[in-house]
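Q: can you look at this prediction? I've put the sequence above it.
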Amino acid sequence: MLLVAATTENPSFSVVAPLLSRSLILQLRPLGADDIATVVQRAIDDPRGLGGRVTVDPEAVELLVRLAAGDARRALTALEVASEAGDQVGVETIEQSLDKAAVRYDRDGDQHYDVISAFIKSVRGSDVDAALHYLARMLVAGEDPRFIARRLMILASEDIGMADPTALPTAVAAAQTVQLIGLPEAQLTLAHATVHLATAPKSNAVTTALGAAMADIKAGKAGLVPPHLRDGHYSGAQALGNAVGYRYSHDHPDGVVPQQYPPDELVGVDYYQPTGRGGEREIGGRLERLRAIIRRRR
C-alpha cells in the first residue's frame, strides 16, 4: 500500500516516529515572487478566474505579490475580495481587502519554533533590529506574549547573567506586566525588554559555571559537607563535631573570613569564570580578592 499525505506542519513534530521512519519526506518551499505574479496574472486573464472582467493596476499586482509572502492562496483570496469592489483594482483597493500583511507563522508548527529561535539568537547576538523584527512577527501573528516573556527571562540568565545584573529584573518585570495589563499595551513592555537584553553585554559564565558544577556531581565528586558547615541547632550536634569551629563572616571587618566551604575533593576548584565584559569586569577583580581571602590558610 502506498500512502501519500500532505501537511502544513513539520512532520518531525506532528507525525509519530514509527510512521516517520518509513516515510520519504519532501519539503515544498514557498513560491517565489515571480511564481505568485504568474498565478495572479493567470487568475486575472483566465476565463476560469476573472476572465479579464477586472483591470488590475501593475502596482496592485506587485502589492499582492508582496503581501502573499509565498502563499498563492492568500494572493488569490485577496484578489477575489478586491475584484468585488469594482472593475478597476488599484493599490488602495488591495490594501482595503487585507487587514494586514501575511505572516508565515504557525503557533503550533515549525514556524513557531523557527521564529522564536531566530528571536532568541538575535537577542543573544546583540542584533537589536533583527530581534525587534522577530518580536513584531510573533506579535502580529498572535503568539502568546507569556511565551515570549518566559524565553526572555531564560535568556537573561543564560546569555547575560552578571554582565548586566539588571537584565533579569527587566525580563521578570516584563513578564509580570504582560500578566497585569495584557495586549496590546504589553507589546511595548516586551519591546522594552527585548531592546534592553539585546543591547546588554553578554556572558554565559553563569551557564558554564552551573554546567561544570553539575558535571562534577554526576561524576561522583559530591564529598562530605565540612563538619563546621553542618547543621548544629539540634541537641547533640556539637558532640558529633557539627558546626564546631564555624567562623561567622559578619564578625570580620571585611565580611569575609578564611574558611573551607566546599568538600575536600573540590577545594580550589573555580566554577565561575567571569568574562571581562560589562559588570563581570568588576566582579572578576573582586572575585580574585575574595578567593584569596577565603582560601588563605588560617
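A: Great, that's in hand.
Q: residue most distant from the centroid, this protein?
A: residue 239 (52.6 Å; Cα atoms, centre = their mean).
Q: wait, a strand at that residue?
A: No: read with DSSP: H, G, I helix; E, B strand; the rest coil, residue 239 is helix and lies in no strand.
Q: distance of it from residue 232?
A: Residue 239 sits 10 Å away from residue 232, going by Cβ to Cβ, to the nearest Å. C-beta here means a position set from N, CA and C on the backbone, and glycine is covered the same way.
Q: and for residue 156?
A: Distance from residue 156 to residue 232, by Cβ to Cβ: 37 Å.
Q: and the two? Which one has more around it.
A: The neighbour comparison of residue 156 against residue 232 (other Cβ atoms under 10 Å) goes to residue 156, with 25 against 16.
Q: looks to me like that one is in a helix.
A: Yes: assessed by three-state DSSP, residue 156 belongs to a helix.
Q: enumerate every residue touching it.
A: 167, 168, 170, 171, 172, 197 (Cβ atoms under 8 Å, 6 or more residues apart in numbering).
Q: and residue 56, by the same measure?
A: Taking Cβ under 8 Å, 6+ apart, we find residue 56 in contact with 40, 44, 79, 82, 89.
Q: backbone dihedrals for it, please?
A: phi -110, psi 120 (degrees, to the nearest 10).
Q: is it in a bridge, and if so with what?
A: Using DSSP bridges, the bridge partners assigned to residue 56 are residue 89.
Q: look at it and report its pLDDT.
A: Note on residue 56: pLDDT of 87.
Q: and it, how far from residue 36?
A: Distance from residue 56 to residue 36, by Cβ to Cβ: 13 Å.
Q: got it, and residue 13?
A: 27 Å.
Q: go through the contacts of residue 56 and flag which are in strands.
A: residue 89 (DSSP state E).
Q: what's the closest of the contacts of residue 56 to residue 185?
A: residue 82 (33.0 Å; Cβ to Cβ).
Q: what's the local residue count around the closest one?
A: 23.
Q: doesn't residue 91 make contact with it?
A: No: with contacts counted by Cβ atoms under 8 Å, residue 82 stays clear of residue 91, the gap being 10.1 Å.
Q: show me whatever sits in contact with both of the two.
A: With Cβ under 8 Å, 6+ apart as the test, residue 82 and residue 91 both reach residue 60.
Q: how about low-confidence regions in the stretch 101-250 of the chain?
A: Counting by pLDDT under 70, the stretch 101-250 of the chain shows low-confidence ranges at 101-110.
Q: now do the SS call for the closest residue to residue 31 other than its chain neighbours.
A: In this structure, residue 31 finds its nearest non-sequential neighbour in residue 70, 5.3 Å apart by Cβ to Cβ, 6 or more residues apart in numbering. When classified by three-state DSSP, residue 70 comes out as coil.
Q: all set now, cheers.
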